[in-house]
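[1] Below is the sequence, then the predicted model.
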Amino acid sequence: MNDPIRVGLAGLGTVGGGVAKVLHDQARALSWRAGRDIRITAVSARDARKDRVVDLAHVPFEADALALAERDDVDVVVELVGGEEGIARALVERALRGRKHVVTANKALLARHGGALAALAERHGVGLKFEAAICGGIPIVKALREGLISYDLSAVRGILNGTCNFILTQMEATRQPFAEVLAEAQRLGYAEADPTLDIGGGDTAHKLTLLTSLAFGTAPDLDGVRLTGIDRIAPADIAFAGEFGYRIKLLGVARRTPNGIEQLVNPAMVPASTPLADVESSFNAVAADAGEAGPFFFQGRGAGRGPTASAVVADLVDVARGALGPAFGRPAAELSTPRRESAEARMSAYYLRFQVLDVPGVMAEISRHLANELVSIESMIQRGRAPGEPVAIVMITHEAQHVAVLRALQAIGASGRVVEQPCMIPMEAA
Ligand SMILES: NC(=O)c1ccc[n+]([C@@H]2O[C@H](COP(=O)([O-])OP(=O)(O)OC[C@H]3O[C@@H](n4cnc5c(N)ncnc54)[C@H](OP(=O)(O)O)[C@@H]3O)[C@@H](O)[C@H]2O)c1
């Protein structure tokens, strides 16, 4: 058998601890797959004395993670510290420059610096692998980079954040408002104490940026993602969605349009008849649209120790077998600069909800503002009567220009008879 491949493991938390455990518990089976042993030869974390899920007392501990990149007994650095900058970025750069392969689960780092890091890996003839960075245990990186290689993909869309999907699923089941369900999710450990990155859509944007690059051969373009989070979704929207035959999901969508590559993260109305609508609780999923050959659909656990560690170890096995290849499936110099789709050009049908005072003429006023912007209505629900009190008017539009709908909503929102900012959610095509 070949010499062992020697791993320097930075980060021994949820994922790093899981990787150490899988490498320990499944050592024999992994060495069969890899054709050689995979051995941890050095580790780093903040606290050397903390108990870990496996005993690492016999493994040299580096107080400074950067030292892993300098060690002669390390062939591959596994970066599981996290963060877009700081020690994670410094370690990955130093490891690649030092001709050490890198495996990471760090979507924030790659979404921001992935193009430059891929180029650095190529320049130094080493691998940069990140299966665990998108949807934890779902092998979507390998599928897009290798399995679906000969398809001309037109769109990828995904439920990429388990926290948001858990919250939306719970809101539907309990009819409780967003803030209450978020508090419960935090209590159960499904949401962070500071949930901004999840509920604001930032985490989904990181993963979408990488999916876009893999699917369309473009350099990661985080700033090209348009973001809307889930915090303004009301139980009423979820209930109305059900009446129209839809479910609300936070989607990351990347698609090819005549004007460029569109990258959107927003709550969307997903037809109840499609597999994405059935993705419940903290599960993740990705649908890849390959024209006549597709659609392809992947679903699984997007986070957690076991699934994420399994994805990291799969990358390690690839590195051990010498299956390297460019990080995003084509040489970094061949990654094109994405031509961003402009908001003006974007067309979609929309779900609109207005809270209005139940007084004569309010419906006519809304219709007039929409008509002024050439936005036509496909269906509408107006429930109950409460003269002088707020009631909901809900409608679904035909396809319209995004900016035209925004202009109409601005005019409608300024009316004294409209009691809160209108809600606008795009309809996702079946
Ligand atoms: N958790 C998931 O389910 C999941 C899923 C997909 C991707 N990821 C990604 O995986 C990465 C790790 O996430 P995680 O959940 O495992 O994080 P975590 O549980 O917070 O673990 C972070 C680890 O990094 C160590 N660390 C922090 N600062 C350090 C420094 N300056 N030098 C050396 N070590 C340092 C910590 O040491 P101590 O233990 O001593 O404090 C800890 O062991 C992140 O990029 C994350 O986005 C996580």
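    Sure, I can see it.
[2] Lys249: neighbour count?
    Neighbour count of Lys249, defined by other CB atoms under 10 Å: 25. (Each C-beta comes from the backbone N, C-alpha and C, glycine too.)
[3] contacting residues for the nearest residue to it once chain neighbours are set aside?
    Leaving out its chain neighbours, the residue that sits closest to Lys249 by CB to CB, 6 or more residues apart in numbering is Val270, at 4.9 Å. Contacts of Val270 were listed using CB atoms under 8 Å, 6 or more residues apart in numbering, and they are Tyr246, Arg247, Ile248, Lys249, Leu251, Leu276, Ala277, Glu428.
[4] Apply 10 Å and report the result again.
    157, 159, 241, 246-249, 251, 276-279, 287, 427-430 (CB atoms under 10 Å, 6 or more residues apart in numbering).
[5] does it count as helix, strand or coil?
    strand (DSSP: H, G, I helix; E, B strand; the rest coil).
[6] again with Ala241
    Following three-state DSSP, we place Ala241 in the helix state.
[7] so it touches Cys423, yeah?
    No - with contact defined as CB atoms under 10 Å, Ala241 does not count as touching Cys423 (11.0 Å).
[8] who's the closest residue to Ala349 other than its chain neighbours bridged to?
    Of all residues not flanking Ala349 in the chain, Met427 sits nearest, at 4.2 Å (CB to CB, 6+ apart). Beta-bridge pairing for Met427 (DSSP bridges): Met269.
[9] What subset of the contacts of Val270 is buried?
    157, 159, 241, 246-249, 251, 276-277, 279, 287, 427-428 (16 or more other CB atoms under 10 Å).
[10] How about Asp73: what's its closest non-neighbour residue?
    Among residues not flanking Asp73 along the chain, Thr41 sits closest, at 4.6 Å (CB to CB, 6+ apart).
[11] my bad, should have said Arg39
    Pro4 (4.4 Å).
[12] Around the ligand, pick out the residues from the stretch 1-150 of the chain.
    10-16, 44-47, 50, 65, 80-82, 87, 105-107, 132, 136 (CB under 6 Å from any ligand atom).
[13] Could you list which of those belong to strands?
    Among those, the members found in strands (DSSP state E) are Ala10, Ser44.
[14] Buried ones only from the residues of the stretch 1-150 of the chain next to the ligand, please, as a PyMOL command.
    A single PyMOL command is used to select the members of these judged buried by 16+ other CB under 10 Å:
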select buried, resi 10+11+12+14+15+16+44+45+65+80+81+82+87+105+106+107+132+136
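[15] Nearest to the ligand within the stretch 251-400 of the chain, name that residue for me.
    When distances are taken as CB to the nearest ligand atom, the stretch 251-400 of the chain reaches nearest to the ligand at Ala303, 3.3 Å away.
[16] Quick check: that residue touching Ala132?
    Yes - when contacts are counted by CB under 10 Å, Ala303 is listed as touching Ala132 (9.5 Å).
[17] what's the pLDDT at the residue of the chain found nearest the ligand?
    Closest residue of the chain to the ligand, CB to the nearest ligand atom: Gly13 (1.9 Å). In this prediction, Gly13 carries a pLDDT score of 96.
[18] Tell me which residues touch the closest residue to it other than its chain neighbours, please.
    Counting by CB to CB, 6+ apart, Gly13 lies nearest to Leu80, which is 7.0 Å off, once chain neighbours are set aside. Applying CB under 10 Å, 6+ apart, we find Leu80 in contact with 9-20, 45, 88, 103-106, 132, 308-309, 312.
[19] Look up phi and psi at Leu80.
    Per-residue torsions, Leu80: phi -130, psi 40 (degrees, to the nearest 10).
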